[in-house]
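A.B. asks: All I have is the shape, not the residue letters:
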């Protein structure tokens, strides 16, 4: 696969080990990966270059949660977003429109197979 | 012979003092000269007798028996030898200065007498009488000897006579009486010759004496001449001027030393014989050394000219600025005396006089006075220009007019005095004269003058000054009139009036004043100082208060004068009282007005004295007193009554009916009248007042106070009622019994232990106490050691830790473990107070059994811990979910690699390491949870509280960060040990952290929590210092703080501000009990940004050195 054909994925994850494991896997799967450690950094990266998909954690230091999702949505109105969360109550407590435009929600602990399938589904 | 060779000669007696020279000195001198002449001349003549004796021997040899002849010769020789010896002695005595003239004189006479006799008598015996030739020879021989002796011994007449008489007389008489004419002639010739010799000797002696006298006079004259010469030289040298004497040929004869000092250059030239012309030349050259030669020539010529013409003196200015004057005078013998003198000072004075004269002229011109001069007739000769300016008249107006003439015109003023002075030529000064102008307007002048006399002393007129004082006189007149009016006003003043000037000197007073200054009447003159007047008053004895210490009184009086507006009163010994009022005027003087207030003062004093006596008597009574008049209305009462009755002042004021007072006393009181019943008491009392006999009654008030009232009638009507408080007497016994009973019951029924200990042993224990200690009755405990009932670990605390000062505000109990009689331990808390029991110092002890409470507390702690755990469950789940997530992803990644057939060992290893490290992380979390939930046993361990703090923070830090809350920690590098359960402390800190997080995260995100710890050597509050200091842990946040209303109940159980379900309300309460159990304190306060919780824990004594736990979480958890 040539460089230009690679799909670009933005991984937003504060836990360094988790981010490393995930990004290494994605690289091996043939994606181009950029890691941001929190919401603000993620928005900065989005300003620098285009992404085909965003994989984001919800609870992070700094900008996180629903406010971050709103900002992300505003910045990338059409880019698919996959949320990874360990917060089981999210779907129950958050209003529906906050989740609009979210391509998928994956629960921690994450299954890489599931991620792989989801990415395949969304990015083709 | 020279007088100077004789040191014993008195020069003062020398005949310089007139021709007489007959003093004692002269006689001695004469004698000395005589003896010297004898000694000198006698020595020569002494040689003759031995020679003559030899000649006689030759002549007589054979004619006279040989033995006789030789014997005589021997005698003559012996005498001559003796004389020789005598002269030697005299010479030595002279040389040694020990000559006693009188002794030597007698000695001389004796010696010459013997010498003469040796010849006179010897020759009579030796020479044969019948041989006329021999006799003639003998006579001639003897007479020759005598004649020679006369010449040589003439200076001293007695010696001469003593020699020649025995020499000549025997032979002459012997020969005369030999009965032969030739012999007789021979003898007579001898006698005649002898007489002639004596007379000649006498004359020779006079000549000698006169020659000595003349010699002495001559010496004196020579000496005097020399002295005169010296004196003249001294005189010349001592005169101030330089002196030079020239002879008639103008040659220098004599000069003195002053030339050396006056004109040093001239000194070299000055030699005897110097010509005048050269002297003058040298003088000019040295005087005008710095000027041209022509000047020297001119002056030289001038001096020479004047010298010839006798036109001296001439003044020369020397090159060094000095002035010298050369003066000359002709002497009788045609010589010239030249005197050169230094006149520099004189010159300077002359110039000063000139300046002074000029100055005088200037003064005169500038003075306001005008100057004038008259001739001897008193007519004005000159008048200075000032006169015109002053009087407006030309000076010609006065010129030519006479003082006496003017005096005749004017009858006024002191003209008469002036005339008197002028007529007797006396000086006069400030004579006041008046002149009138055409309009009869007076002009006043002051005339002063001194008479002037011409050189012969003849009166030549006056020289003086005049000044116009008309304006001054007019002003003076007006001032005098004003003063008179002022004096009249002051005199008419009814009180005494005194005025002191700004330096406190008397300047004005009226005629009444002196009677107010007793003893100072004579000092009442202008200019006397205030202090002097006061001093005289104080010492006059007229002011009693000044008598003890007059100086102090004067000081007070002087101090008053500084602030005279203060009223001052002075009492005199004669009973007068004077009020002194003063006022300081604008110019600093003080007006004093003294008014007699004797009458007012006496009345006041009398009244005050009586009132105060009565009041003092009443107030001094130990009993209450009311005096009522015949209408039973109050006339008097004292303060003791008001205190006893509790009635206000107006209730017992004069005029109040006694019935009203009794009514007020009666409110809620029993009145008992000598056994009568209490009812209708007031009425009964009034019956008693009606009887007019003394009676008494008691008032028992509701307050329990009992008053005994004794009513006594007064002779003029009215009553005196005396109130005595007899409450104490009535009540004391009953009250005592009641009180004791009450307290005993209180103590006996107390559920807590109440005990009294003394000297470490129980002396009293109540029933509850006995039960608590496992005894059947208190008697089983009383008398036993207190420490027997305390767990050995707490003995120290029991000894020192729990005595509370009797007036402490808060009673705090100390927890200890007790031991029952059967040895079982139990928890107790105790407080004790020092007090006096049965008259001895003892300690009162309160003890509570808190075993049950402790158990409940322990359960509460556990419950709370579980609640905290529940609260934490969500965050723990998150904590665990994170590593779980990574583990799963790592495992998945590895599996996918394997499935895809990409066997990459490096990747597998990476993933497995991740899994392994994440499980470690999970294990730590779980382990901690387990420790946290474990129930601790009661025994405390030594642990590091700071490690404990770190443990608590690490447990929540990550989670808080996710919530946006940062925990900042400021922890000390040192560690310390405290005793207790580490998990419990961690629980407390976690609880504080949770509260802080809630406080900072709710209203505004991004809050911060700060946890700090430090070791304090000194306790933070005022408690006694603990060994080893304290560990202080502070948890603060910026959440805005705790509302002030809640601050004091924040540690109460079940107090919470959180939503229902969020807090148990037990967290801080449990924290409080945990910290207290560790002997620590926990407190809450509001800092500048938010709440501040402070935990202080005592560092365990002795633990710091050896048993400090390593600072790590593991140590805290072990």
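C.D. replies: Okay, I see it. Given the structure is predicted, the values throughout are model-derived calculations rather than measurements.

A.B. asks: Against residue B:780, how distant is residue B:760?
C.D. replies: 18 Å (C-beta to C-beta, to the nearest Å). All C-beta spots, glycine's among them, are computed from the backbone N, C-alpha and C.

A.B. asks: Was I right to think residue B:528 contacts residue B:506?
C.D. replies: Yes. The pair residue B:528 / residue B:506 is scored as a contact, 4.7 Å apart, by C-beta atoms under 8 Å.

A.B. asks: next structured bit after the least confident helix or strand in chain A by mean pLDDT?
C.D. replies: Across the helices and strands of chain A, mean pLDDT, DSSP states H and E gives its lowest value to helix A:90-93, namely a mean of 45. Helices and strands here follow DSSP states H and E; after helix A:90-93, the next one along the chain is strand A:102-107.

A.B. asks: tell me the SS of residue B:698?
C.D. replies: The local conformation at residue B:698, judged by DSSP: H, G, I helix; E, B strand; the rest coil, is strand.

A.B. asks: beta partners of it?
C.D. replies: residue B:672, residue B:708 (DSSP bridges).

A.B. asks: Please report how far it lies from residue B:967.
C.D. replies: 80 Å.

A.B. asks: What about residue 78, how many residues nearby?
C.D. replies: As the question left the chain open, I've gone with chain A. Using other C-beta atoms under 10 Å in any protein chain shown, residue A:78 has 6 other residues around it.

A.B. asks: hm, I was asking about chain B
C.D. replies: 13.

A.B. asks: Helix, strand, or coil at the residue nearest in space to the middle of chain A?
C.D. replies: In chain A, the centroid-proximal residue (C-alpha atoms, centre = their mean) is residue A:55; its distance is 1.2 Å. Following three-state DSSP, we place residue A:55 in the strand state.

A.B. asks: Name whatever forms a beta bridge with it.
C.D. replies: residue A:11, residue A:82.

A.B. asks: how about it, what does it touch?
C.D. replies: Residues counted as contacts of residue A:55 (C-beta atoms under 8 Å, 6 or more residues apart in numbering or on different chains) are A:9-13, A:22, A:82, A:84, A:115.

A.B. asks: gap between it and chain B?
C.D. replies: With distances taken as C-beta to the nearest C-beta, to the nearest Å, residue A:55 is found 12 Å from chain B.

A.B. asks: Residue B:1015: helix or strand, and which one exactly?
C.D. replies: Using DSSP H and E, the element containing residue B:1015 is strand B:1008-1016.

A.B. asks: Show me what from chain A comes close to chain B.
C.D. replies: Contacts of chain A with chain B, taken as C-beta under 8 Å from any C-beta of the partner chain, map to A:15, A:17-18, A:20-22, A:24-25, A:28, A:59-62, A:64, A:86-87, A:108-113, A:116.

A.B. asks: What is the lengthiest helix in chain B packed up against?
C.D. replies: In chain B, assigned by DSSP state H, the helix with the most residues is helix B:181-238. In terms of contacts (3 or more C-beta pairs under 8 Å, 6 or more residues apart in numbering or on different chains; DSSP states H and E), helix B:181-238 is packed against helix B:24-45, helix B:132-153, helix B:157-176.

A.B. asks: Quick one: work out the angle between that helix and helix B:24-45.
C.D. replies: Put simply, helix B:181-238 runs at 130 degrees to helix B:24-45, going by axes from the mean of the first three to the mean of the last three C-alpha atoms, to 10 degrees.

A.B. asks: ok, the helix or strand just after helix B:181-238: who's next to it in the sheet?
C.D. replies: The first helix or strand that comes after helix B:181-238 along the chain, using DSSP H and E, is strand B:242-246. Strand pairing for strand B:242-246, using DSSP bridges, gives strand B:252-255 (antiparallel), strand B:336-342 (antiparallel).

A.B. asks: chain center to stretch A:109-124, what's the gap?
C.D. replies: Centre-to-centre, stretch A:109-124 and its host chain are 11 Å apart (C-alpha atoms, centre = their mean, to the nearest Å).

A.B. asks: Identify each buried residue in that stretch, please.
C.D. replies: A:109-112, A:115, A:118-119 (16 or more other C-beta atoms under 10 Å in any protein chain shown).

A.B. asks: got it, and stretch B:260-272?
C.D. replies: Buried-residue list, stretch B:260-272, by 16+ other C-beta under 10 Å: B:262-263, B:266-267, B:269-270.

A.B. asks: ok, of those residues, which one's closest to residue B:137?
C.D. replies: residue B:270 (78.4 Å; C-beta to C-beta).

A.B. asks: what residues are up against the closest one?
C.D. replies: B:244, B:252, B:255, B:259, B:279.

A.B. asks: Contacts for stretch B:391-406, please.
C.D. replies: Surrounding stretch B:391-406, the residues in contact under the criterion C-beta under 8 Å, 6+ apart are B:372, B:374, B:377-385, B:387-388, B:415, B:418-419, B:422-423, B:433, B:435, B:443, B:462, B:468.

A.B. asks: repeat that with 10 Å
C.D. replies: B:370, B:372, B:374-375, B:377-388, B:408-409, B:415, B:418-419, B:421-423, B:433, B:435, B:437, B:443, B:445, B:447, B:449, B:462, B:464, B:466, B:468, B:470 (C-beta atoms under 10 Å, 6 or more residues apart in numbering or on different chains).

A.B. asks: Show me just the buried residues among those residues.
C.D. replies: B:370, B:372, B:374-375, B:378-381, B:383-384, B:386-388, B:415, B:418-419, B:421-422, B:433, B:435, B:443, B:445, B:447, B:449, B:462, B:464, B:466, B:468, B:470.

A.B. asks: can you tell me which of those residues are in helices?
C.D. replies: Using DSSP H, these in helices are B:386-388, B:415, B:418-419, B:421-422, B:470.

A.B. asks: Redo these as JSON lines? Include distance to residue B:950 and pLDDT.
C.D. replies: Formatted as JSON lines, these follow (distance: C-beta to C-beta, whole Å; pLDDT from 0 to 100):
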{"residue": "B:386", "distance to residue B:950": "114", "pLDDT": "75"}
{"residue": "B:387", "distance to residue B:950": "119", "pLDDT": "78"}
{"residue": "B:388", "distance to residue B:950": "118", "pLDDT": "78"}
{"residue": "B:415", "distance to residue B:950": "126", "pLDDT": "77"}
{"residue": "B:418", "distance to residue B:950": "124", "pLDDT": "80"}
{"residue": "B:419", "distance to residue B:950": "129", "pLDDT": "80"}
{"residue": "B:421", "distance to residue B:950": "124", "pLDDT": "81"}
{"residue": "B:422", "distance to residue B:950": "128", "pLDDT": "81"}
{"residue": "B:470", "distance to residue B:950": "114", "pLDDT": "80"}
